[in-house]
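Trainee: Following is a predicted model, sequence given first.
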Amino acid sequence: MTKDNKIGYAVAGLGVGKTHVESVLQYDKCKLIAVCDIAVEKIKSVTDKNPEVLGYTNFDEMLKNPEIDIISICLPSGMHAEYSVKALESGKNVLIEKPIDITVEAAMKIEKARLSTGKKVGCIYQNRNHAVMRPLKNAIDNGKLGKIFLGTFAVKWYREQSYYEGEHCWHGTWEMDGGGSLINQAIHTLDIMQWLMGEPESVTSTMSINAHKIDTEDLTASIIKFKNGATATFLSTTCCYPGLSTDIQIYGTKGSVELDADILKLWKVQGEDERDEEDMFDRYGKGNGVACAYEPGLKYGHVTQIEDMVDAVIEGRDPQITPLEAIKALKLIEAIYKSARTGETVYL
């Protein structure tokens, strides 16, 4: 806690961590105390604009700062567990970028440290907070769409070869990225899929490298069966020039909903008249920005989870997405890669 009774915040890793920095600076219940990165120029990009913020190149030194209550871990994916456990054992709460780590085994070390230290651990899956996700989740949970029997999900993105080189040379490696298009780009949509459709039962998958010089994959295609009887297809790729859609499509016996990321494309529910459908498109048909204009105070993106994490520490409750919740998508990713390697159906 800072001298002015705000939650002291730090960010480790200033790639995607810059988004965390921006979100922390927006919230009046916390104060950015420090940032940490091995690249001095990245530190200066924050501290030059915010001279009261301390810059560290050594994570262990930053942990000694008593004003820091929460640290966002935004390091390469394969380092998440090691540095999260360090922070927890030093008395800090942590918010971890996706994925929680690259293996379930490593991620469980975070859960073990959470239990032993009693500190709070949150994990980033901010796409659950797209404005349109709340009515969609409610429609599924309340049976408005009937029995869900099919989902089609496709992350059709594009990355230049340069994305995997230079300072990002850990991308596209099994050692630090844990995989390619699936675990890095498509994990948010995979999380959305299992969150909306239920617990998976089996996975049959394939993967390949098509347009990049990398160790991992730039394409996966999977058929996933769920314990509730539903089936889904899931596609991830970074080969679709120039970067296309993120398809999220849910079909039930009483309704169908189709999205492109946060943009509503189709909302058809038995019993609803055209005015109900028009209202849905007015609110959600142009994405998060317009939806938030309809509902003052509604937020989306990283800021939703930064604020939730700060509030969780203040209120003594768990944050929105705990380690065990974050591990669900990681278990599914491990099953997809295993099926793709062996050519066999993998049962979870």
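Mentor: Nice, thanks for sending it over.

Trainee: Please count neighbours and contacts with C-alpha atoms only from this point.
Mentor: Noted.

Trainee: which residue ranges form the strands in this protein?
Mentor: When assigned using DSSP state E, the strands of the chain occupy the ranges 7-12, 30-36, 54-56, 70-73, 93-96, 121-123, 148-156, 200-208, 219-226, 231-237, 246-252, 255-260, 263-269, 346-347.

Trainee: Give me the residues contacting the last one.
Mentor: To tie it back to what came earlier, the one meant is strand 346-347. 201-204, 335-336, 338-339 (C-alpha atoms under 8 Å, 6 or more residues apart in numbering).

Trainee: Within the sheet, what are the partner strands of it, with directions?
Mentor: If you go by DSSP bridges, strand 346-347 pairs up with strand 200-208 (antiparallel).

Trainee: mind exporting the partner strand as CSV, just the C-alpha atoms?
Mentor: C-alpha atoms of strand 200-208 as CSV (Å, rounded to 0.1, in the frame of the first residue of the first chain):
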residue,chain,number,x,y,z
PRO,A,200,-14.6,-30.7,-23.4
GLU,A,201,-14.6,-34.5,-23.6
SER,A,202,-12.3,-35.3,-26.6
VAL,A,203,-10.2,-33.6,-29.2
THR,A,204,-9.1,-34.7,-32.7
SER,A,205,-6.6,-32.3,-34.3
THR,A,206,-4.0,-31.6,-36.9
MET,A,207,-1.4,-28.9,-37.2
SER,A,208,1.1,-27.7,-39.8
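
Trainee: Determine which residue lies closest to the centroid of the chain.
Mentor: Centroid check for the chain by C-alpha atoms, centre = their mean gives residue 125 as the closest residue, at 2.8 Å.

Trainee: Give the full set of residues in contact with that residue.
Mentor: Contacts of residue 125 by C-alpha under 8 Å, 6+ apart are 97-98, 188, 191, 321, 326.

Trainee: Pick the one among these closest to residue 240.
Mentor: Ranked by distance to residue 240 (C-alpha to C-alpha), the contacts of residue 125 are led by residue 188 at 17.9 Å.

Trainee: and that closest one, how many residues sit next to it?
Mentor: 20 (other C-alpha atoms under 10 Å).

Trainee: separation between the closest residue to residue 298 other than its chain neighbours and residue 246?
Mentor: With sequence-adjacent residues excluded and distances taken as C-alpha to C-alpha, 6 or more residues apart in numbering, residue 298 is closest to residue 292, at 5.3 Å. Distance of residue 292 to residue 246, given as C-alpha to C-alpha, to the nearest Å: 21 Å.

Trainee: Comparing those two, which residue is more hemmed in?
Mentor: Using other C-alpha under 10 Å, the more surrounded residue of residue 292 and residue 246 is residue 246, with 20 against 17.

Trainee: Turn the contacts of strand 346-347 into a markdown table, including pLDDT and distance to residue 41.
Mentor: What follows is these, written out as a markdown table (pLDDT from 0 to 100; distance: C-alpha to C-alpha, whole Å):
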| residue | pLDDT | distance to residue 41 |
| --- | --- | --- |
| 201 | 98 | 47 |
| 202 | 98 | 46 |
| 203 | 98 | 44 |
| 204 | 98 | 45 |
| 335 | 98 | 39 |
| 336 | 98 | 38 |
| 338 | 98 | 40 |
| 339 | 98 | 42 |
